[in-house]
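[1] sequence? don't have it. structure:
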């Protein structure tokens, strides 16, 4: 088996940190290299070039995008394809519902939930603003995210966030 790579094209740093921290250890046996690549500040031409490069080396990849104000997942995927002037990428796109902060909170350990006084049965509709309101007093959102990732519960996250569960199913974990 040759050298295997998996790339996650993500909107920004918070998304990149999440995918690299959560998936690197889980997929270490299947992939030699797992990396997030931030696209939000890149031009459509740079994005097309990067995707072409990934494909030419035979690497696997997923594009993660928040649903934001899109009507549905399909329209969000079309919107990105039009913006980037690329075709046939819908099967590589995973729409994060609603935002990556929901994926963070979905995997919080029971102990951290108790200590932080966070109780959520689903994080599908969570926004950055909602996340920020749940950050314990005296903590920064960055520190809180880091603490969540230290003891991230994959099974809990799959149960509490539909789009995260879908990505895990697509990856085979």
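    Happy to help now that I have it. None of the values given here were measured: they were computed from a predicted structure. Numbering: from 1, shown residues only.
[2] which residues touch the strand or helix carrying residue 168?
    Assigned by DSSP states H and E, residue 168 belongs to helix 162-171. With contacts defined as C-beta atoms under 8 Å, 6 or more residues apart in numbering, helix 162-171 is touched by 23, 27, 62, 64, 94-97, 102-103, 106-107, 122, 124, 154, 157-159. Every residue, glycine included, has its C-beta placed from N, CA and C.
[3] quick one: which of those sit in strands?
    Within these, membership in strands is found for 62, 64, 94, 95, 96, as judged by DSSP state E.
[4] show me what the last one is bridged to.
    In other words, residue 96. Taking DSSP bridges as the rule, residue 96 bridges to residue 66.
[5] for this structure, what are the low-confidence residue spans?
    1 (pLDDT under 70).
[6] now do the helices in it.
    13-26, 44-56, 73-84, 100-106, 110-116, 128-134, 141-150, 154-160, 162-171 (DSSP state H).
[7] give me the buried positions along the second one.
    What that stands for is helix 44-56. Across helix 44-56, burial judged by 16 or more other C-beta atoms under 10 Å covers 47, 50, 51, 54.
[8] about what we covered before: closest one to residue 7 among the helices of the chain?
    For these, proximity to residue 7 was assessed by C-beta to C-beta; helix 44-56 is nearest, at 5.5 Å.
[9] which other helices and strands contact the closest one?
    With contacts taken as 3 or more C-beta pairs under 8 Å, 6 or more residues apart in numbering; DSSP states H and E, helix 44-56 sits against strand 5-10, helix 73-84.
[10] export those as TSV, with columns for distance to residue 144 and mean neighbour count.
    As requested, these are exported to TSV (distance: least, C-beta to C-beta, whole Å; neighbours: other C-beta atoms under 10 Å):
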stretch	distance to residue 144	mean neighbour count
strand 5-10	19	22
helix 73-84	27	16
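[11] save the ones you listed as a markdown table, and put in distance to residue 143 too.
    Below are the helices and strands packed on helix 44-56 laid out as a markdown table (distance: least, C-beta to C-beta, whole Å):
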| stretch | distance to residue 143 |
| --- | --- |
| strand 5-10 | 21 |
| helix 73-84 | 30 |
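[12] out of the ones you listed, which comes closest to residue 149?
    Comparing the helices and strands packed on helix 44-56 by C-beta to C-beta, strand 5-10 comes nearest, at 14.9 Å.
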